[in-house]
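Pasting the sequence and the predicted model now:
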Amino acid sequence: LNRLHDHHLRKLLTLSLLAATLAAPAFSAQGIQVNGTLVPQARVDAFVKQMTAQGQPDSPELRNAARDRVVMTELLRQEAVKKGLDKSPEYKSELENVQSALLANLYVRDFMKSHPISEAELKAEYEQMKSQMHQKTYHARHILVKTEAEARAVIDQLKKGKKFEDLARAKSLDTGSKDNGGDLGFVDPAQLVPEFANVMTKLAKGQITQTPVKSQFGWHVIQLVDSKDADFPPFDQVKAQLEQQVQGKRFDAFLNQLKTQAKVQ
């Protein structure tokens with residue numbers, strides 16, 4: 001609805017007829033006088049804030065566009081009142097919807113303010129996140145083939161001294177890694193299919209699987225090149241994200257409680 005509104009406003013701004021027939025606005029520190037009606041400067045400031053929050057840089061051009069938007073909206077509001085649209089059933093219905101949504105949003109903001117998150121809660125959430133992450137990251141290579149027989153043939157060739165990288169380039173079906181000799185780089189096991197990850201994490205450094213590993217993609221021959229402790233961002237770096245997560249969980253619990261207690265027919 002807002003996009004449609006903006007589209008029509010941009011078109012209307014180009015119409016010289018409207019500008020000629022309606023009085024030009026007068027600007028002041030308190031706001032904008034449009035046909036004798038004062039539109040507060042706060043309305044312009046709110047629109048500027050909305051645009052900068054969406055990534056647009058604050059500039060004189062942006063502020064001029066904001067004033068134009070507010071003036072045009074007020075002119076159209078006045079025309080709507082002249083036509084009696086403020087008395088129409090459609091207006092009253094939509095106004096109720098907007099009021100409902102506004103009050104709901106205000107309640108959410110009030111809930112967040114009245115339920116601040118303590119430092120101890122944030123640190124507990126941080127430790128929980130750390131415990132859920134794998135403590136190690138693994139550097140692996142693999143060769144993906146279509147059948148178990150092909151995978152066993154690859155393992156036999158490796159036992160005879162063939163280089164893993166050369167076989168990967170020649171035989172692997174994984175186009176994302178075959179040109180690198182099957183190298184996947186350091187990966188978090190959680191990013192891999194479980195069948196692959198469960199075998200990879202049990203290999204010793206340099207070890208190659210002696211039996212093929214089946215997954216949804218085919219049959220794998222895996223080599224663990226190395227492993228290391230996983231990096232985890234420091235608490236201060238993720239504190240804002242943690243606060244949002246904890247607030248979200250708390251508010252979801254509150255909403256579930258409301259739903260349970262509500263009588264909806």
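Cool, the structure landed.

quick one: K123 from P233, how far?
14 Å (Cβ to Cβ, to the nearest Å). All C-beta spots, glycine's among them, are computed from the backbone N, C-alpha and C.

gap between G36 and E74?
Counting by Cβ to Cβ - G36 and E74 are separated by 11 Å.

Do you have the strands of the protein handy? List them.
Applying DSSP state E to the chain gives strands spanning 26-27, 31-34, 37-40, 136-145, 183-187, 213-215, 218-229.

Deepest-packed of the ones you listed, please.
Mean neighbour count (mean count of other Cβ atoms under 10 Å) peaks for strand 136-145 among the strands of the chain, with a mean of 22.

Just the angle for that one relative to strand 183-187, thanks.
Orientation check (axes from the mean of the first three to the mean of the last three Cα atoms, to 10 degrees): strand 136-145 against strand 183-187 gives 150 degrees.

What pairs with strand 136-145, parallel or antiparallel?
strand 183-187 (antiparallel), strand 218-229 (antiparallel) (DSSP bridges).

S118 is nearest to which of these?
strand 218-229 (29.4 Å; Cβ to Cβ).

Just the mean pLDDT for the closest one, thanks.
For strand 218-229, the mean pLDDT works out to 95.

that older thread, what's the closest of the strands of the chain to K92?
That would be, of these and by Cβ to Cβ, strand 37-40, which comes in at 21.8 Å.

which secondary structure elements does the closest one contact?
Strand 37-40 is packed against strand 31-34, helix 60-82, with contacts defined by 3 or more Cβ pairs under 8 Å, 6 or more residues apart in numbering; DSSP states H and E.

Outside of that strand itself, list whatever touches it.
Residues outside strand 37-40 that contact it (Cβ atoms under 8 Å, 6 or more residues apart in numbering) are Q30, G31, I32, Q33, V70, V71, E74, Q78.

Now for the second one: which residues touch it?
Under the criterion of Cβ under 8 Å, 6+ apart, the contact list for G31 reads L38, V39, P40, Q41, A42, R43, V44.

got a pLDDT number for the second one?
Read that as V39. pLDDT, V39: 92.

What separation is there between it and T52?
From V39 across to T52, the span is 20 Å (Cβ to Cβ).

burial measure for I208, as a count.
Residue neighbour count, defined by other Cβ atoms under 10 Å, stands at 17 for I208.

Got the confidence number for it?
At I208, pLDDT is 97.

How about it, nearest residue that isn't a chain neighbour?
What sits nearest to I208 in space, not counting adjacent residues and going by Cβ to Cβ, 6 or more residues apart in numbering, is Q223, at 4.5 Å.

got the strands of the chain as JSON lines, with distance to L102 columns?
Listed next are these as JSON lines, based on distance: least, Cβ to Cβ, whole Å:
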{"stretch": "strand 26-27", "distance to L102": "28"}
{"stretch": "strand 31-34", "distance to L102": "22"}
{"stretch": "strand 37-40", "distance to L102": "18"}
{"stretch": "strand 136-145", "distance to L102": "47"}
{"stretch": "strand 183-187", "distance to L102": "46"}
{"stretch": "strand 213-215", "distance to L102": "51"}
{"stretch": "strand 218-229", "distance to L102": "49"}
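
Could you work out which of the ones you listed reaches nearest to S93?
Nearest of the strands of the chain (Cβ to Cβ): strand 37-40, 25.1 Å.

what lines up beside that closest one in the sheet?
Here, using DSSP bridges, strand 37-40 pairs with strand 31-34 (antiparallel).

Quick check: the residue nearest to I208 vs K202, distance?
The value you get for Q223 to K202, if Cβ to Cβ is used, is 13 Å.

Can you name the residues bridging to H139?
F186, D226.

tell me the contacts of it?
L184, G185, F186, V187, L224, V225, D226, S227, K228.

mind listing what S131 touches?
S131 touches nothing, counting by Cβ under 8 Å, 6+ apart.

Which stretches in the stretch 101-250 of the chain count as helices?
Counting by DSSP state H, counting those that start in this stretch, one finds helices in the stretch 101-250 of the chain at the ranges 119-132, 148-159, 164-171, 194-200, 235-261.

Least confident of those helices, on average?
Sorting the helices of the stretch 101-250 of the chain by mean pLDDT places helix 119-132 lowest, at a mean of 87.
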